[in-house]
Each structure stands twice: as structure tokens, then as C-alpha cells.
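A.B. asks: The sequence isn't on hand, but the structure is:
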């Protein structure tokens, strides 16, 4: 596509520019591009990518220059490109999802993957393993039906290809020793058994009195309570105030200001898209909310990285280092506003076996999360538990 084709799309009602106008725009761009480049900003990409991106940028720049010139000769305003700033991304996302249909079915399914990195030793090698467990919940719309919850160990295996090579160099052992800080008691630094298949499955199946949801961060809510939530941000704020007052009876030290960021819990619950949009608008106005930008979540899905509460200044033990800085974040689906991953701990510095920016621990929603007509059945090889599961 050439510049004139792009221009036609940018100004569909304007007459086509003359050759003289296009040439004038090219000359203006050429003059701008002759400005010196600051040291250290050299293009680090390969020639092919550099040519492609450079050509695309040049074409766009020419079109925008032509748009500016042509707009001075017509009554059609030139399109404005407004850069993203602050929490505007949440407001745009809210506008996008507010009109989505409210799709409901027999069960709300919440499959969560709880994953974390562990530094281990074996056969003279030191490497990382990824430990993964899964908890799958089916909450029925009919409060008289039983709530079904399954929990099992997904796998414990080398985290990356490099870790797998180190494990193989150690003789591919089935059991490894956790690497701990010097002076740690042996009982607190246990051996870890590797496994590539799900195991240790337990499940519960019982009706929840009153149909109360297991997630009680905002209070003892039911699906009916969630369905009745207002889809206006200010009205939602006042509804949350009633939840806070109930909660305040048990935790009097919490102020409403401190409680309000907990509204992000609604993004993990089965609320209507319009209510989710109102939640995003409410959160976008809070000083504790910070949009960090685009990110690829631990399962490889594109998302929006957001923090709703204090997320930096934390440390954790990793291997022999017990002072690894980390930060926490939440990753949202850019199409629906639902949570892709929560409680995501990201390394804020590098240490032995851990690169800055690595996901250390996280809870990720599996792709099958959402409403379903599928009725849960007793999983094979799974033991019925008499204790509540998380």
C-alpha cells in the first residue's frame, strides 16, 4: 500500500492531494530526518527488520505530513493520535467491554493454576524446577446443586530447556534437593520428587449453604448478589461501602479508602460485562491503581499489566539468596477485562539462576474458565475429601 492509499483512508471525504502537496510533505520529512541522532540510540535490529520498520515509519510519517497540509485546504479535520497516558487504558477497555453480552450457563467454572519456581540441586548440578498445582471449581447457578471442587498436583519438572539440560547432566534424577540459604534446618529444606503427570487428586462435592461463593474477599456474596450489582461506577462505589461496613465489624482498623482497591476482586468473579466495566472505571480513578502496559502472561497470552495495591518493595527467598527483590502485579484480558493471572510475583533483580523479570510465582486462570453447561463428574483416580478445599 502506498502513501496515497493510506491518505485516502485517513481522509475519506477529502479530495486527493496534488503531486505538489505530496512532494512538499516528503521534503519536510527529509529535512526532519537529517537531524543528528543521539549517541547510544543506534538501531540494534537486523537489516531486514530495520528496513521494514523504517519503511513503514517513513510511509506513515509522509501520510501524516500530507494530512496536515491537506487539512489546511479542506473542512475535514485531521485525525488526532492521542498517546496513552496513566490509567486511560482501563477506561478504554471499560468502554470496549460494556456492551458485551451477558452469557450465563449452568455452572461458573474457575480453574486456577498455582505455579512457582524452586531452585534445586542434584548430581553436582543446580537448576530450577516449576511446581504446578491446579484447583478447579464448578459453582452452580442453582444454589441447591452441589459445588464441585477438584485439586491435584499438575507436575514438578525442569522450568526451561536450559534447566532440563542441567537435569539431564545430573542423570535425570526423580528426586532433587531444594537449594536453601545457609543455616536452614534440614527439615525445612526437603527433597522434591519430580513428576510429569497429575497426581494426588482430591475433590469435594457439597451444597454451599445459601449459595455463598468461596471467594469472600468482599464478603459472603452469592451469584444473585453479583447479578444485582449496579453497572454505574458511583453506585458501585456505594454498594462496596455497604460491604465494607459489614466487613468493618470484624476488622475495624480497615478504612473504606484502604478497602476500595479490593474492588479488583470483582474482575475475578462472574459479574456482567457492564458491571466489570464499571469496576474498571472505579479502579481507574484510584491513586493506588497503575497501568504498566502490555505484557505476555505466564501462559503466553497477551494481556494488560495492572497493579491495584502496593506491589513493590517485597523480597523472597530463592535458592541460597533470601533477599531477592520482587514486585506483584495482575494481568487482565485485553478483550474482556477478566483476570488472566493474579498474585503474579516478578523478580525485580537478578540473582543466581534467576533473571530480572522472571515470573517467580503466580495464579493463572486456565483457558476453559467461564460459564459452562458441562456438569462436573467425579474425576477418575480422585479421592473424596471430607475437608474443604481452597
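C.D. replies: Perfect, thanks for sending it. Here the structure is a predicted model, which is why all the values come from computation and not from measurement.
A.B. asks: On the pLDDT front, check residue 389 for me.
C.D. replies: pLDDT, residue 389: 80.
A.B. asks: residues in contact with it?
C.D. replies: Counting by CB atoms under 8 Å, 6 or more residues apart in numbering, residue 389 touches 135, 149-151, 202-204. Bear in mind the C-beta positions are built from the backbone N, C-alpha and C, glycine included.
A.B. asks: same check, this time on residue 118
C.D. replies: 128-131, 178, 192.
A.B. asks: Most neighbours among the residues you listed, which one?
C.D. replies: residue 129 (23 neighbours; other CB atoms under 10 Å).
A.B. asks: name the element that residue belongs to?
C.D. replies: strand 125-140 (DSSP states H and E).
A.B. asks: Determine how far that strand lies from the middle of the whole chain.
C.D. replies: When distances are taken as CA atoms, centre = their mean, to the nearest Å, strand 125-140 is centred 17 Å away from the chain's centroid.
A.B. asks: any idea of the mean pLDDT in the helix or strand that it is followed by?
C.D. replies: Remark: after strand 125-140, the chain's next helix or strand is strand 147-158, criterion DSSP H and E. Strand 147-158 carries an average pLDDT of 96.
A.B. asks: if we look at the sheet, which residues does the closest residue to residue 369 other than its chain neighbours bridge to?
C.D. replies: Once flanking residues are discounted, residue 369 sits nearest to residue 111: 5.6 Å by CB to CB, 6 or more residues apart in numbering. On the basis of DSSP bridges, residue 111 is bridged to residue 136.
A.B. asks: so residue 111 makes contact with residue 366?
C.D. replies: Yes: assessed by CB atoms under 8 Å, residue 111 is found in contact with residue 366 at 3.9 Å.
A.B. asks: what touches both of the two?
C.D. replies: 134, 136.
A.B. asks: So for the two, which sits in the more crowded spot?
C.D. replies: Shown here are residue 111 and residue 366; by other CB under 10 Å, residue 111 has more neighbours (17 against 13).
A.B. asks: which parts of the helix or strand hosting residue 236 are buried?
C.D. replies: In this structure, residue 236 sits in helix 233-248 according to DSSP H and E. When neighbours are counted by 16 or more other CB atoms under 10 Å, the buried residues of helix 233-248 are found to be 233, 236-237, 239-240, 243-244, 247.
A.B. asks: Can you spell out which helices and strands pack onto that helix?
C.D. replies: With contacts taken as 3 or more CB pairs under 8 Å, 6 or more residues apart in numbering; DSSP states H and E, helix 233-248 sits against helix 256-259, helix 273-284.
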